[in-house]
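[1] build me a model:
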Amino acid sequence: MPVLNRIASYAEEMKGWRRHLHQYPELAFDCHRTAAWIADRLREIDVDEIHEGIATSGLVAVINGRGEGPTIGLRADMDALPIEEITGAPYASKVPGKMHACGHDGHVAMLLGAAKYLAETRNFAGKAVLLFQPAEEDGGGGQVMVQEGVMDRFGIERVFGIHNAPNVPFGHFQTTPGPLMASVDTAYVRVTGKGGHGATPHETVDPVVAIVAMVQAVQTIIPRNVYALDEAVVSVTMIHTGSASNIIPEDGTFAATIRCFKPDVRALLKKRFHEIVEGTAAAFGVRAEIDYDWGYPATINHEDEAEFAAEVAREVSGAEAVDARANREMGSEDFSYMLEARPGAYLFLGTGPGAGLHHPAFDFNDEAAPVGASFFARLVERAQPLG
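    Down below sits the predicted model:
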């Protein structure tokens, strides 16, 4: 079964929805205008319930099926990124310094398309609960929604989500049971020594050489402390210090992103990072202050739900277009919190050639919206059939 004919007929409307949202991006939890616009569309669609102000600016919609049954959750994130858009599209961002560079506008269009179909046909039992979530990019809106009790409040038993994937063949789905995306932690380190003239280094305690040693040493954590088959990443991404070529600065900072899939590896990475930085600081006579931000956990699909989602994807796109044992990746997702709270699965949907995610030239492929909406709709109908 390809894209549902009824949903295919919404294609231009979904394109209009997506391109409207693209022009008015909002960041993190400050998605109030976006949420209000979504709520207006949901009222037009005639869903049964709309609950606003969840996780500050998130909202939940409920569509009742034609009989008693379980409740399934479908999630779309709706926040944008602090990036200046360079697409030149007629519907480009009207907000300086902000753009939908990750396709969350497309995710919303997909879920709205599925909502319109489900509210019209109601060819399922139980309830479909639509989760429009803020702050995926920054702030962990998925965690906040879970903490605010959306799973219990709405009786959600299983939960599913999609992310667009540029440069994956159009209409192809990718997922896998177990870990799909990594946990992400961020370490910020401030190193303080004693500044002075570059001509008299013996009178200083140089934080620059200490930082260089720390950065080199933390790169040994993966090859010398982590089992070779346990994927992990430690990447130092920022170093800031100094103001002139002849001055040894008083202090400096560096930051690293730290990613893996297993909780025990995650704990080991934190332990060794602290030990190496603090030990190196002692050796160089400087002071090191570490702010270790424990971020999103790994996105871990539940086996039964991942297999079921792959079956539905095959109905929509064909067996040859579904990779149900895709390679996991080191990116991260706060949908992980929802998967910790309930069984479910997360999938990638290929949108064909284009600029990558988080690139200022990125633009969501509108032709993919009916594919994603059809997947969501069939997921509900297959999971909760009438009779």
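[2] I would like the residues contacting stretch 318-326, please.
    Residues outside stretch 318-326 that contact it (CB atoms under 8 Å, 6 or more residues apart in numbering) are 2, 169, 171-176, 180, 306-307, 310, 313-314, 348. C-beta coordinates here come from the backbone N, C-alpha and C atoms, glycine included.
[3] residue ranges of the helices in this protein, please?
    With DSSP state H as the criterion, the chain has helices at 5-8, 11-23, 32-45, 104-121, 141-147, 150-153, 207-218, 221-225, 263-284, 303-317, 335-341, 369-383.
[4] now for those helices, which one comes closest to Ala187?
    helix 263-284 (5.8 Å; CB to CB).
[5] and the helices of the chain as TSV, adding distance to Ser245 and mean pLDDT?
    What follows is the helices of the chain, written out as TSV (distance: least, CB to CB, whole Å; pLDDT from 0 to 100):
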stretch	distance to Ser245	mean pLDDT
helix 5-8	62	94
helix 11-23	45	98
helix 32-45	47	98
helix 104-121	44	98
helix 141-147	45	98
helix 150-153	55	98
helix 207-218	12	98
helix 221-225	32	97
helix 263-284	21	98
helix 303-317	55	98
helix 335-341	45	98
helix 369-383	54	98
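[6] TSV please, covering these and showing distance to Pro134 and mean neighbour count.
    Output for the helices of the chain, formatted as TSV (distance: least, CB to CB, whole Å; neighbours: other CB atoms under 10 Å):
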stretch	distance to Pro134	mean neighbour count
helix 5-8	26	16
helix 11-23	13	19
helix 32-45	7	17
helix 104-121	10	26
helix 141-147	4	22
helix 150-153	13	17
helix 207-218	33	20
helix 221-225	34	14
helix 263-284	26	17
helix 303-317	24	20
helix 335-341	13	22
helix 369-383	19	26
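[7] got the ones you listed as CSV, with distance to Val189 columns?
    As requested, those are exported to CSV (distance: least, CB to CB, whole Å):
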stretch, distance to Val189
helix 5-8, 50
helix 11-23, 38
helix 32-45, 36
helix 104-121, 32
helix 141-147, 25
helix 150-153, 36
helix 207-218, 7
helix 221-225, 14
helix 263-284, 6
helix 303-317, 38
helix 335-341, 26
helix 369-383, 41
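[8] hang on, the earlier thing: quick check: of the contacts of stretch 318-326, which lies closest to Ile300?
    Leu180 (7.1 Å).
[9] residue contacts, the closest one?
    Leu180 neighbours (CB under 8 Å, 6+ apart): Thr299, Ile300, Asn301, Ala326, Arg328, Glu329, Tyr346.
[10] between the contacts of stretch 318-326, which is closest to Phe335?
    Looking across the contacts of stretch 318-326 and measuring by CB to CB, the closest to Phe335 is Leu180, at 9.5 Å.
[11] got the domain boundaries for the protein?
    In terms of domains, the chain is parsed into 5-181+299-383, 183-293 (source: automatic domain parsing).
[12] which pair of the contacts of stretch 318-326 spans the longest distance?
    Across these (CB to CB), the longest gap, 25.3 Å, separates Pro2 and Leu180.
[13] hang on, the earlier thing: among the helices of the chain, which is nearest Tyr91?
    helix 11-23 (4.0 Å).
[14] just want the angle from that closest one to helix 104-121.
    Orientation check (axes from the mean of the first three to the mean of the last three CA atoms, to 10 degrees): helix 11-23 against helix 104-121 gives 140 degrees.
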